[in-house]
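In: here's my sequence, what's the structure:
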Amino acid sequence: MENETLKPEILAEGNIEKKSKVKKIGKIILLVIGAIFATVILAVIIFVIYISLHRGDIPKVNDSALLLSSEIIPQGQNAYYDFKQSMDILYWPADKAKALTAMASGSDWDQALAVEIVEKNKSALAFAYKGLQKADFQLPELQGEPKSSVRADMSLPKLNDLRNLAQVQIIRSQLLLREGKTREAFEYAFDTLDLGAKLQGQHRVFFIQYLIGLSIKSIGLANIQKMLPVSQLSAEESKNFQLKILAYGDTKKSFQEAIRLEYWMQNNLKEQVIDSAFRDSKGAEAAPPADGIMARFPYYYKPNQTQKLFVDHFGKLVKEGAKNCDEIVVRKDLELSRNIIFTENALGKIMADTMLTSLAGMTDKRCQEDFDLYATRFMFATQAYKVANGSYPKTSADLFPQYFEEVPAQFNGKQLKYDSQLGTIAISQ
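Out: Model (predicted):
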C-alpha cells in the first residue's frame with residue numbers, strides 16, 4: 001500500500017525532470033539558431049562590404065591586335081558582284097537537284113541532263129569566270145567600320161548557291177572529259193578550286209564565307225581525284241597540274257582574318273545587347289544606373305573584364321591559326337569556381353565560356369583541306385609515273401625525286417598509308 005501511495009509522487013518528480021530537460025534543450029536550440037542567424041547576417045554584411053569594394057571594372061581593353069584588314073576591295077575588283085550576277089541567273093531546277101548533285105559526285109551520269117545544265121548556265125559560268133579574274137572577294141556589308149557594321153543581327157547575302165554553281169562547273173569538266181577533251185576538262189575542274197579559294201578571301205572574311213569556300217574546294221578536289229584514273233593526261237601535264245595545286249595550299253591568312261571578324265561579331269553582340277544593362281551613358285567606369293536591375297550587381301558582371309576574356313581568347317586563336325596543323329593546341333574551357341556566388345565576374349565568365357567557341361571543328365576542316373590538297377598532288381605524281389612506267393609505283397619512295405618530294409611517314413601527326421593498286425595515299429584509321 002505504501003509503494004502504491006508513493007508512486008504518483010515519483011511520477012510527478014520524473015515529469016518535472018523531463019520538462020526541465022526539454023526547456024534546456026529548447027534554450028540550446030534557440031542559442032544555436034541565434035548563433036547561425038547572427039553568423040549568416042555577419043557573412044552577408046561582410047560579403048556586401050566585399051563586393052562593394054570590388055564594384056569597379058578594369059580599364060578599357062586594347063584590342064588593336066584583333067583589328068580587321070583595312071583593305072577595302074573596290075567594286076570593280078571585287079569578285080562578289082560577278083558571283084552575285086552568276087547566282088541570280090543560275091539554272092538549278094529543284095526537281096533535278098538530287099540528280100545533279102549525284103552527277104557532280106561522280107555517280108548516276110545522265111548525258112542529256114549534263115548537256116542541259118551546262119547549256120542553260122553558259123551566262124552564269126561566264127560571270128563566275130569573270131569574277132575569278134578579280135583581285136579578291138569581299139562582302140559589301142563588311143566594308144564599314146567594324147564597331148558599327150559588324151553585328152550579330154546583320155543581314156548577309158546568301159552564298160549557298162555558289163555550291164550549286166561549283167557543281168555545275170564540275171559537271172562541265174566531267175562532260176568535257178567524256179568527250180575526250182582531257183586537258184580542257186582539268187582546266188575547268190581547277191575553276192572550282194579557284195572559286196573556293198576566291199570565296200575564302202583574305203580581307204574581312206566571314207566564317208560562313210570561309211566555310212563555303214572550303215566546302216567548294218573539297219568537292220573540287222574530290223572531282224579531280226575521280227577524274228585522274230580515267231584521264232589521258234601526259235606525264236608532263238600531270239606534273240604541271242601537280243605544281244598548280246600548290247597555289248591553293250596556304251589559307252592561314254584567311255583563317256586568321258575570319259577569327260578576327262568573329263571577335264568583332266561576338267564582342268559587338270556583348271556590348272550592344274548585354275553591356276548596356278550594366279553601364280550608363282558614361283561607360284564602364286561610371287557608376288551603374290540605379291534603375292537597371294542587372295546593374296545593381298556589378299560584382300557578378302564586369303564588361304571590361306569580360307572583354308579581356310574575349311581578347312585573350314581570340315588573340316590566342318589568331319596565333320594558333322598561323323601554325324601548322326600538328327602544332328595547334330586546342331583551347332581549354334574556362335575554369336569556373338564551384339562557389340559561383342563568391343566568384344567575381346561570374347556572369348561574364350559563364351557568358352564568355354558559352355560564346356567563345358574553341359573552333360576545334362573549324363581547325364579540323366582546315367587541316368583536312370591541307371591533306372586533300374596533298375593527296376591530290378600525290379595522285380598527279382603517281383599518274384605521271386604510271387604514264388611513264390606502265391603501272392603505279394610499288395612504294396611511295398619510288399616517286400622521289402623525279403615525280404614527287406620525299407613522302408613522310410606522317411602528315412600533320414597522322415600515319416600515312418599508300419595503296420599501290422590505286423596510286424593513292426590516305427590517313428590510316
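In: any chance you could map the strands in the protein?
Out: All strands of the chain, identified by DSSP state E, fall at 410-411, 414-419, 424-427.
In: please identify the most buried of the ones you listed.
Out: The highest average neighbour count among these, using mean count of other Cβ atoms under 10 Å, belongs to strand 424-427 at a mean of 17. Heads up, the C-betas are built off the backbone N, CA and C, glycines and all.
In: could you give the mean pLDDT of that strand?
Out: Taken as a whole, strand 424-427 carries a mean pLDDT of 94.
In: same question, stretch 90-101
Out: Mean pLDDT, stretch 90-101: 97.
In: if we can go back for a sec, of all the strands of the chain, which lies closest to residue 227?
Out: Nearest of those to residue 227, taken as Cβ to Cβ: strand 424-427 at 13.5 Å.
In: show me what that closest one is packed up against.
Out: Under the contact definition 3 or more Cβ pairs under 8 Å, 6 or more residues apart in numbering; DSSP states H and E, strand 424-427 sits against helix 360-389, strand 414-419.
In: please identify the most buried of the ones you listed.
Out: Each of these was scored by mean neighbour count; the highest is helix 360-389, a mean of 19, by mean count of other Cβ under 10 Å.
In: tell me what it is packed against?
Out: Taking 3+ Cβ pairs under 8 Å, 6+ apart as contact, the helices and strands that helix 360-389 lies on are helix 207-227, helix 235-245, strand 424-427.
In: for residue 389, find the nearest of these.
Out: Among the helices and strands packed on helix 360-389, the nearest to residue 389 by Cβ to Cβ is helix 235-245 (9.3 Å).
In: what comes up buried for that closest one?
Out: 235, 237, 238, 239, 241, 242, 245 (16 or more other Cβ atoms under 10 Å).
In: what about the fifth one, distance to residue 372?
Out: Right, residue 241. Separation of residue 241 from residue 372 (Cβ to Cβ, to the nearest Å): 15 Å.
In: kindly report the same for the third one.
Out: From residue 238 over to residue 372 the distance is 18 Å, taken as Cβ to Cβ.
In: who touches residue 189 in this structure?
Out: 169, 170, 173, 220, 223, 224, 227 (Cβ atoms under 8 Å, 6 or more residues apart in numbering).
In: tell me how far it lies from residue 352.
Out: For residue 189, the distance to residue 352 equals 44 Å [Cβ to Cβ].
In: what do you get for residue 196?
Out: In terms of Cβ to Cβ, residue 196 sits 33 Å off from residue 352.
In: who has more neighbours out of those two?
Out: Set side by side, residue 196 and residue 352 show more neighbours around residue 196, with 25 against 21, by other Cβ atoms under 10 Å.
In: pLDDT score assigned to that one?
Out: For residue 196, pLDDT reads 97.
In: residues contacting it?
Out: By Cβ under 8 Å, 6+ apart, the contact set of residue 196 is 166, 213, 214, 215, 216, 217, 218, 220.
In: with residue 197 instead?
Out: Taking Cβ under 8 Å, 6+ apart as the criterion, residue 197 is in contact with 213, 217, 248, 251.
In: run through the stretch 101-250 of the chain and note the low-pLDDT ranges.
Out: Applying pLDDT under 70 to the stretch 101-250 of the chain flags residues 152.
In: picking up where we left off before, would you reformat the helices and strands packed on strand 424-427 as CSV and include mean pLDDT and distance to residue 108?
Out: What follows is the helices and strands packed on strand 424-427, written out as CSV (pLDDT from 0 to 100; distance: least, Cβ to Cβ, whole Å):
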stretch, mean pLDDT, distance to residue 108
helix 360-389, 92, 23
strand 414-419, 93, 25
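In: follow-up on the earlier one: quick check: the two most widely separated of the contacts of residue 197?
Out: The largest distance within the contacts of residue 197, taken as Cβ to Cβ, falls between 213 and 248 and amounts to 10.6 Å.
In: please say which of those two ends up with more neighbours.
Out: residue 213 (26 against 21).
In: buried set for stretch 147-158?
Out: So stretch 147-158, judged by 16+ other Cβ under 10 Å, has buried residues 149, 150, 151.
In: residue 407: neighbouring residues, count only.
Out: Neighbour count for residue 407, taken as other Cβ under 10 Å: 17.
In: hmm, it is touching residue 378, no?
Out: Yes - contact criterion Cβ atoms under 8 Å: residue 407 and residue 378 qualify, at 7.4 Å.
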